[in-house]
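> Sequence first, predicted coordinates after that:
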Amino acid sequence: MHFPLLQDIVVLLGFSVVVVLLLQRLRLPSVLGFLVTGIIIGPFGFGLIENPEQIEILSEIGVILLMFVIGMELSIKQLASMKRTVFLGGLLQVGLSIIVTAFIFSVLGFSWNEAVFMGFLFSLSSTAIVLKILYDRNEITAPHGRMALGILIFQDLIVVPMMLITPMMAGTTGDLYNEVLLLVLKSALVLALTYVGAKYLVPRAMYLIAQTKSKELFLLATIALCFTVAFITASAGLSLAFGAFLAGLIISESDYSHQATSTILPFRELFISFFFISIGMLLDLDFFMKNAAVIMLMVVVVFILKGGVVSLTAAALKYPIRTVLLTGMALFQVGEFAFILSRIGIESGLLSEEMNQYFLSVSVFTMLLTPFVFLFSGRATNFILRKIAPGSHRTVPLSRQDAQEPEDHLLIIGYGINGANLAKAAKYADIPYMILELNPQIVRQQKARGEPIIYGDAVQEHMLEAVHVNKARIVVIAISDPRATKAIVSNIRHISPSVHIVVRTRYVKEIETLLGLGADEVIPEEFETSIEIFSRVLTNFLVPLDELENLIDSVRADNYQVFQSHKRLQTFKSSTIPDFKISCVRVMADSGAVVGKTIEEVDVRKNYGVNILAVSRKGQMIKTVFPNVKLLREDLVFVSGDQEHIDSFYKAVT
């Protein structure tokens, strides 16, 4: 039995593995490898794909999943804070791009409607490529990332009116007024449903699904939500990608966005690779070679003019010059939605076949250039800043995010008894901490109490990245699942070789395995309970502390083998030891036999029968007390002795 689609997928994946592997050796982005793969196996290359239309369908799923994940990374509140960038910035960029492009094509002899339509095409940038690279580089929340995202959202919205206007410019449309009015009403309804779903419906539904602890059900529910909203928006005349973005926004308002993201990521990576490969398959190599000079000139013009328009837009919104330059270099390419629009242009007679080939060649080539531009954008920006504003240049990490991002914190995985007690201790000691917990009921309860807790499975690397494990000082794994614990330790070590990992486990037999996987400390419950009991018992028998500590260290290191030896500890009966106490006494007198004099002058041991161990003065601890140290008013003096002599000293300083 012959399965053409399966054969195409085998060819597609096989070639992409080889090409991406080779480019990775050269430290080039995987996106570039997928585009090159498409060029090689496409109909204009070796023609190895029998059904490119079916590959395009799979690629559309990749765009949907990409936009879904981007939506989950944001929130409605964050998006509302970007409304100026989305609407004003997007309108400026698209409007100026259309005007500049239309003017150039009018000068070249094109009719006004053809020139405006070319402006439509070149005003759109690649949402899939730009957001994928920004996401991979952890720059989606950087200033230039937010600016690029805002403009791309507007482009995805404006492409629908462009599709309606194109037939009208060609004189082949019907009642445009009613179509636009119907589209506005449908859009308003979709946005209203999005708000209601994000606020009331989805969080409750996801809570019920999470309570089942079924990963399969959680995955099905997440994908079902994504494709349902995408289908609704597409039925309303909006794009599938925009609907997927709205679905992501809906989940972002719940406690389950991080877990949903980690669940979707493997599928997104697979299908988005299909998208980039399908884009590469569009490039006609014969046409490109015959017209290479003209195409390369057009690419340079597009880079300069479109990048300049985007930079001008960012400058108009009063972004810093670094953000202005980076945003311009991020959005210079022609996007995938322009391909959809170009088909309508061909059907309406506004785009000839020859001009469409020029457009496709320029578009694909600018997409091929995008990863390289991103790769060198930081250095190029620094070079430009040095030239135009000497002294203002600063090397700023591109991936810098919100200052609220946790750093040098304690990460607690599992909020059972041990995790809860550790969180209380961290709060008491004013140590910043985050909690990762898989029980939705606990997450809901503790979040209501103000705990920094996130729902998610720490076995998945994305969840560890979401709680910034690479920036944590210590990770404590306090869960009771041995298999999951091993996977978590291994994943943490893959992300961060340096973070200190403390693991709580039940049994001694698991210690060696966990240490081998990368744990720094493993604390078995069966040991620690016993250690705590015998340490308190031996303390009561007045075993010297150094011997007791040595015994505990030996027990932890040798798994109780130390008890097989014949060595005995020295013990004392409590009746043979005098009743020594340690007390803290505040010096409150202004003058007297003690205040303002040195310890040697007072002769504290002879006159008061106490030893001075340490002195705290204005928050500074004097741990080594020499005879020439003076005792001053407001000092806290730590003394040892029996109760009678301590009382005598107390009276002398108050």
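Looks like it arrived, so ask away.
> distance of residue 26 from residue 226?
35 Å (C-beta to C-beta, to the nearest Å). To be clear about C-beta, it is placed using only N, CA and C from the backbone, and glycine gets the same treatment.
> of those two, who's got more company?
With neighbours defined as other C-beta atoms under 10 Å, residue 26 and residue 226 compare such that residue 226 has more, 29 against 8.
> what's the first-to-last distance across stretch 126-145?
14 Å (C-alpha to C-alpha, to the nearest Å).
> ditto for stretch 414-434
Rule used - C-alpha to C-alpha; the end-to-end distance of stretch 414-434 is 11 Å.
> Next, the buried residues of it.
By neighbour count with 16 or more other C-beta atoms under 10 Å, stretch 414-434 contains the buried residues 414-415, 418-420, 422-423, 426, 433-434.
> Nearest residue to the middle of the chain?
residue 466 (4.9 Å; C-alpha atoms, centre = their mean).
> where exactly do the strands run in the chain?
Taking DSSP state E as the test, the strands found in the chain are 410-413, 433-437, 453-455, 474-477, 500-505, 521-524, 581-586, 611-617, 620-622, 636-641.
> Minimum distance to residue 187: which of those has it?
In terms of C-beta to C-beta, the element of these nearest to residue 187 is strand 453-455, at 31.7 Å.
> Not counting the closest one itself, show me its contacts.
Applying C-beta atoms under 8 Å, 6 or more residues apart in numbering, the external contacts of strand 453-455 come out as 210, 255-256, 258-259, 415, 434-438, 440, 442-443, 446-447, 463, 466-467.
> Show the buried residues in those residues.
Here, 16+ other C-beta under 10 Å leaves 210, 255-256, 258-259, 415, 434-438, 440, 442-443, 446-447, 463, 466-467 buried among the contacts of strand 453-455.
> Looking at residue 432 now. What's its pLDDT?
Predicted confidence (pLDDT) for residue 432: 90.
> for residue 137, that is, sorry about that
79.
> ok, now residue 101?
Confidence score, pLDDT, at residue 101: 94.
> before we move on, what about residue 403?
pLDDT at residue 403 comes out at 40.
> Could I get the full set of helices for the stretch 201-350 of the chain?
Remark: helices assigned in the stretch 201-350 of the chain by DSSP state H, counting those that start in this stretch are 202-211, 215-235, 240-252, 257-280, 285-290, 292-316, 321-330, 337-348.
> Tell me who's in contact with the nearest residue to residue 100 once chain neighbours are set aside.
Excluding the flanking residues, the one nearest residue 100 by C-beta to C-beta, 6 or more residues apart in numbering is residue 305, at 5.8 Å. Residue 305 makes contact with 100-101, 104, according to C-beta under 8 Å, 6+ apart.
> any chance of the buried residues of stretch 414-434 in TSV, with distance to residue 182 too?
Below are these laid out as TSV (distance: C-beta to C-beta, whole Å):
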residue	distance to residue 182
414	52
415	50
418	59
419	54
420	55
422	58
423	54
426	56
433	52
434	47
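> Residue 42: which of these is nearest?
Closest to residue 42, out of all of the buried residues of stretch 414-434 and judged by C-beta to C-beta, is residue 434, at 46.4 Å.
> any idea how far residue 480 is from that closest one?
Taking C-beta to C-beta, one finds residue 434 at 20 Å from residue 480.
> Flag the shaky bits of the stretch 451-600 of the chain, pLDDT-wise.
526-532, 534, 536-549, 551-581 (pLDDT under 70).
> tell me which residues of stretch 8-17 are tucked away?
Applying 16+ other C-beta under 10 Å to stretch 8-17 flags 8-9, 11-12, 15-16 as buried.
> outside of that stretch, which residues touch it?
Taking C-beta under 8 Å, 6+ apart as the rule, stretch 8-17 contacts 33-34, 37, 40-41, 48-51, 54-55, 273-274, 277.
> From these, list the buried ones, please.
Buried residues within those, counting neighbours by 16+ other C-beta under 10 Å: 33-34, 37, 40-41, 48-49, 54-55, 273-274, 277.
> quick check, distance from stretch 423-440 to the centre of its chain.
The chain centre lies 20 Å from the centre of stretch 423-440; the measure is C-alpha atoms, centre = their mean, to the nearest Å.
> Find the least confident helix or strand in the protein, judged by mean pLDDT.
helix 545-558 (a mean of 64; mean pLDDT, DSSP states H and E).
> Name the single longest helix found in this protein.
helix 353-388 (DSSP state H).
> packing partners for it?
helix 30-41, helix 127-136, helix 257-280, helix 285-290, helix 292-316, helix 321-330, helix 337-348 (3 or more C-beta pairs under 8 Å, 6 or more residues apart in numbering; DSSP states H and E).
> Name the residues of the fifth one that are buried.
With burial defined by 16+ other C-beta under 10 Å, the residues of helix 292-316 counted as buried are 295, 298-299, 302-303, 305-307, 309-311, 313-315.
> Find the nearest non-adjacent residue to the residue nearest to the centre of the chain, please.
That would be residue 258: by C-beta to C-beta, 6+ apart, it lies 4.4 Å from residue 466.
> In this structure that neighbour contacts residue 461, no?
No. If you go by C-beta atoms under 8 Å, residue 258 and residue 461 don't touch, sitting 11.8 Å apart.
> Buried residues, the longest helix of the chain. List them.
Applying 16+ other C-beta under 10 Å to helix 353-388 flags 355-371, 373-375, 377-378, 381-382, 385 as buried.
> From what I see, residue 623 and residue 614 are in contact.
Yes. Applying C-beta under 8 Å, one finds residue 623 in contact with residue 614, separated by 5.3 Å.
> Compare those two and say which is more crowded by neighbours.
residue 614 (15 against 10).
> Roughly how far does the residue lying closest to that one once chain neighbours are set aside sit from residue 464?
The shortest distance from residue 614 to any non-neighbouring residue, by C-beta to C-beta, 6+ apart, is to residue 638 (4.5 Å). Counting by C-beta to C-beta, the gap from residue 638 to residue 464 is 44 Å.
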